[in-house]
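Undergrad: got a predicted structure here, sequence first:
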Amino acid sequence: MRAVLDHVGIAVKDLAEALAFYRDALGLEIEAPEDVASQRVRAHFLPVGEAKLELLEATAPDSPIARYTDKRGPGLHHITLRVDDIGAALAQLKARGARLIDEQPRPGAEHSLVAFVHPSSAHGVLVELKEDRRTHGSAPTQHVALGSAESVGADPRVGPQPAPSPNLAVRRFTIGDLELISLSDGVIRLDGGAMFGTVPKVFWEKAMKADARNRVTLAMRPLIVRGARTMLIDAGLGGKESAKFHDIYGVDRARSLDVTIAEAGLTREDIDIVLASHLHFDHAGGFTYRDAGGRVRPAFPRAQYIIRRGEWEDAQHTHERNRASYLADNYLPLAEAGVLQLVDDDATIMPGVKVRRTGGHCQHHQIALIESKGKTAAFVADLIPTTAHVPNAWIMGFDLYPMDTLAAKKQFVKEAIEKETLVFFEHDPAVAAGYIREENGKRSVQPAS
Ligand SMILES: [Zn+2]
Ligand SMILES: [Zn+2]
């Protein structure tokens, strides 16, 4: 086994003091912090040659890092060794009687697989093993068995994590010859008023509770369609954003696309086509990732990315009203990498899947209509982001052309009721998919079982 020091984790109690030493006195450079909201930890990396120091800062008094420093004071927390084949490394350790915290590797940050070895086997040091899947080039061939749903996210650095929300569980559906797999990239919080436009809060807060900052919790649920090819529709926020961004938008990516794609038994290399409903950051952020050298690259190494030409153009010519939603790193690197395919009109993207422009939310917003053997499904993205948006008048304040949303929604809902369409609600925190019903003019959604 060849192991290389990747980083050394240091639990800090007072970040300012720690930075006064590591950054100011030692003169090390510091990278943008990474927030792990679910674990109430913020990680600050300082490159030191080939390896890094990782300052671990608690973001809440009940954070496991706070508990650690309360008990033992600040100090060395763990070391991380990078190995070529984490599965083989674990097997070797196990054969020699080492006590493993993770018997199986599980997804770590940005395309890595990680597993922890118990300090009792490592002379009092918590050792993390890490396989950086990008060190093998852009298309690693190795496929390591991933841990079960229970082991995913059980990071011993920060104590037991809450069980994955059942609402963000991976769900599988069959439509004729196609398999549909609903995934998650975690949750994001957006202003409740903006989510419901002209609907008064007294109504919308019955559908969705707001937090102290008036934000409602929204899921990000990319969808996989497996048929002649394997297609991913939208990819959530991804992992490139700063701690400040995560704070403003209440991001929690414990149930990230990496985690859920692995639970679905797939890898990023399995995706042939990535389809964009539109290029807002909560849909297109996961299209790219930032590699160890800081370069932004396509996150699905084999995929062609299909984007509507009008949306592509609008994303490069933003204005005051939509600028905050378009982050160039999410899509420009696709063109540079030569994996971009622009479509002009409503078209069939793969057998059984076609796109339809709805406009409304943005001028070239599109939905995916799925059909096989007389059965239908639809991925409606921000046309009907949650089940609460099924009534005609419940239209987001974010929408640039709300009257177009209204017209497109009326047409779609009528068809969906007639055809018994299985509708995927990309932002609904509880219901991944369901059937729209209408009785005496009153609409409801029957969640799909
Ligand atoms: Zn949007
Ligand atoms: Zn959205």
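TA: Yep, that arrived. Ligands and ions are numbered 1, 2, ... in the order given.
Undergrad: who touches residue 383 in this structure?
TA: Applying CB atoms under 8 Å, 6 or more residues apart in numbering to residue 383 gives the contacts 358, 360, 361, 365, 367, 405, 408, 409, 412. Where C-beta positions appear, they are placed from N, C-alpha and C, glycine not excepted.
Undergrad: give me phi/psi at residue 306?
TA: Phi and psi for residue 306, reported as degrees, to the nearest 10, are phi -110, psi 120.
Undergrad: and what of residue 350?
TA: Taking degrees, to the nearest 10, you get phi -150, psi 160 for the backbone angles of residue 350.
Undergrad: hang on, it packs against residue 229?
TA: Yes. When contacts are counted by CB atoms under 8 Å, residue 350 is listed as touching residue 229 (5.0 Å).
Undergrad: what about those two, which has more around it?
TA: When neighbours are counted by other CB atoms under 10 Å, residue 350 and residue 229 differ, and residue 350 comes out ahead with 18 against 15.
Undergrad: now do the SS call for the residue in the stretch 151-300 of the chain positioned nearest to ligand 2.
TA: The stretch 151-300 of the chain approaches ligand 2 most closely through residue 282 (4.5 Å), counting by CB to the ion. Three-state assignment for residue 282 (DSSP: H, G, I helix; E, B strand; the rest coil): helix.
Undergrad: again with the one 4 residues further on
TA: Here residue 286 is helix, with the state taken from three-state DSSP.
Undergrad: contacts only, for it.
TA: If you count contacts by CB under 8 Å, 6+ apart, then residue 286 has 185, 222, 234, 235, 236, 237, 238, 239, 257, 299 around it.
Undergrad: just the contacts of residue 383 now: which is nearest ligand 2?
TA: Among the contacts of residue 383, residue 361 lies closest to ligand 2 (CB to the ion), at 7.8 Å.
Undergrad: does that closest one touch residue 382 like I think?
TA: Yes. Counting by CB under 8 Å, residue 382 is a contact partner of residue 361 at 4.2 Å.
Undergrad: identify the contacts common to the two.
TA: Shared contacts of residue 361 and residue 382, defined by CB under 8 Å, 6+ apart, are found at 278, 396, 398, 399.
Undergrad: okay, the last one and ligand 1: tell me how far apart.
TA: Distance of residue 399 to ligand 1, computed by CB to the ion, to the nearest Å: 9 Å.
Undergrad: all helices for the stretch 301-449 of the chain, in order.
TA: Ranges of helices in the stretch 301-449 of the chain, per DSSP state H, counting those that start in this stretch, are 309-316, 332-336, 402-419.
Undergrad: any chance of these in JSON lines, plus mean pLDDT, distance to residue 87 and mean neighbour count?
TA: Listed next are those as JSON lines, based on pLDDT from 0 to 100; distance: least, CB to CB, whole Å; neighbours: other CB atoms under 10 Å:
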{"stretch": "helix 309-316", "mean pLDDT": "98", "distance to residue 87": "40", "mean neighbour count": "18"}
{"stretch": "helix 332-336", "mean pLDDT": "98", "distance to residue 87": "30", "mean neighbour count": "17"}
{"stretch": "helix 402-419", "mean pLDDT": "98", "distance to residue 87": "44", "mean neighbour count": "17"}
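Undergrad: of those helices, which approaches residue 72 most closely?
TA: Across those, residue 72 has its closest neighbour in helix 332-336 (42.5 Å, CB to CB).
Undergrad: what packs against the closest one?
TA: strand 296-298 (3 or more CB pairs under 8 Å, 6 or more residues apart in numbering; DSSP states H and E).
Undergrad: give the pairing partners of the strand it packs on; include direction for each.
TA: Its sheet considered, strand 296-298 pairs with strand 288-290 (antiparallel) by DSSP bridges.
Undergrad: any idea of the mean pLDDT in the partner strand?
TA: Summarised as a single mean, pLDDT over strand 288-290 is 97.
Undergrad: swap in stretch 39-57?
TA: Across stretch 39-57, pLDDT averages out at 85.
Undergrad: same question for it: list its buried residues.
TA: Neighbour counts over stretch 39-57 (16 or more other CB atoms under 10 Å) mark 39-46, 51-57 as buried.
Undergrad: which of the residues you listed fall within helices?
TA: Cross-referencing the buried residues of stretch 39-57 against helices under DSSP state H gives no overlap.
Undergrad: so residue 353 is in contact with residue 224, correct?
TA: No. Residue 353 lies out of contact with residue 224 (CB under 8 Å); the separation is 11.3 Å.
Undergrad: which neighbours do these two have in common?
TA: Joint contacts of residue 353 and residue 224 (CB under 8 Å, 6+ apart) are residue 231.
Undergrad: compare neighbour counts for those two and give me the winner.
TA: residue 353 (24 against 21).
Undergrad: list the contacts of that one.
TA: Contacts of residue 353 by CB under 8 Å, 6+ apart are 178, 225, 227, 231, 275, 368, 369, 370.
Undergrad: can you tell me which of those is nearest residue 427?
TA: residue 368 (15.3 Å).
Undergrad: does that closest one touch residue 357 like I think?
TA: No. If you go by CB under 8 Å, residue 368 and residue 357 don't touch, sitting 11.4 Å apart.
Undergrad: who has more neighbours, those two?
TA: Applying other CB under 10 Å to residue 368 and residue 357 shows that residue 368 carries more neighbours, namely 22 against 17.
Undergrad: TSV for the helices of the stretch 301-449 of the chain, including distance to residue 85?
TA: As requested, the helices of the stretch 301-449 of the chain are exported to TSV (distance: least, CB to CB, whole Å):
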stretch	distance to residue 85
helix 309-316	39
helix 332-336	29
helix 402-419	48
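Undergrad: what residues sit buried inside stretch 184-191?
TA: Within stretch 184-191, the residues that count as buried by 16+ other CB under 10 Å are 184, 185, 186, 187, 188, 189, 190.
Undergrad: what do you get for stretch 325-341?
TA: Neighbour-count burial for stretch 325-341 [16+ other CB under 10 Å]: 325, 326, 327, 329, 330, 331, 332, 333, 334, 339, 340.
Undergrad: and the furthest pair within these?
TA: Longest span within these, CB to CB: 325 and 339, 22.3 Å.
Undergrad: just the endpoints, please. Distance across stretch 436-449?
TA: From its first residue to its last, stretch 436-449 covers 14 Å (CA to CA, to the nearest Å).
Undergrad: list the contacts of it.
TA: 171, 173, 387, 390-391, 413, 416-417, 421-423, 425, 430-435.
Undergrad: can we see that at 10 Å?
TA: 171, 173, 182, 377-378, 384, 386-388, 390-392, 394, 412-417, 420-425, 428, 430-435 (CB atoms under 10 Å, 6 or more residues apart in numbering).
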